[in-house]
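Colleague: Got a sequence here, can you model it:
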Amino acid sequence: MFLESSRYFDVKTVSTKTADGRTVTAIRLRHLPYVAGTPTVIKQNDRLDVIAQRKYGDPTKFWHVADANTELEAEKLTTERPQSEEVLTIYVPEK
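Modeller: Down below sits the predicted model:
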């Protein structure tokens, strides 16, 4: 169902019936372990895929960065910040 490089590749699925009798299949929630990472200052116009391309040479590995920053709102990476605002730092794992 998912590519081997997907964060959902090994996640089990569950099936359930809806109130109207349809059967739907969904993936289970992934429990995220703590992932250490290198503090990285976000540059103007950075996105998770851009960071993953720089770090891993593969933009589809953006989810490694996302998993290491569970409190991060992706919108913060694409919103321009005034120069007076604090620098945004996220953690980028070595994966």
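Colleague: what number of residues lie near the residue nearest to Pro93 when sequence neighbours are not counted?
Modeller: The shortest distance from Pro93 to any non-neighbouring residue, by Cβ to Cβ, 6 or more residues apart in numbering, is to Gly37 (4.2 Å). To be clear about C-beta, it is placed using only N, CA and C from the backbone, and glycine gets the same treatment. Residues lying near Gly37 (other Cβ atoms under 10 Å) number 17.
Colleague: any idea how far Gly37 lies from Thr13?
Modeller: 29 Å (Cβ to Cβ, to the nearest Å).
Colleague: just Ile90 next, same as before
Modeller: On the measure of Cβ to Cβ, Ile90 and Thr13 end up 30 Å apart.
Colleague: Who has more neighbours out of the two?
Modeller: A direct count of neighbours by other Cβ under 10 Å for Ile90 and Thr13 places Ile90 higher, at 21 against 10.
Colleague: Find the residue closest to that one in space, skipping its chain neighbours.
Modeller: For Ile90, the spatially nearest residue (Cβ to Cβ, 6+ apart) is Asn69, at 4.8 Å.
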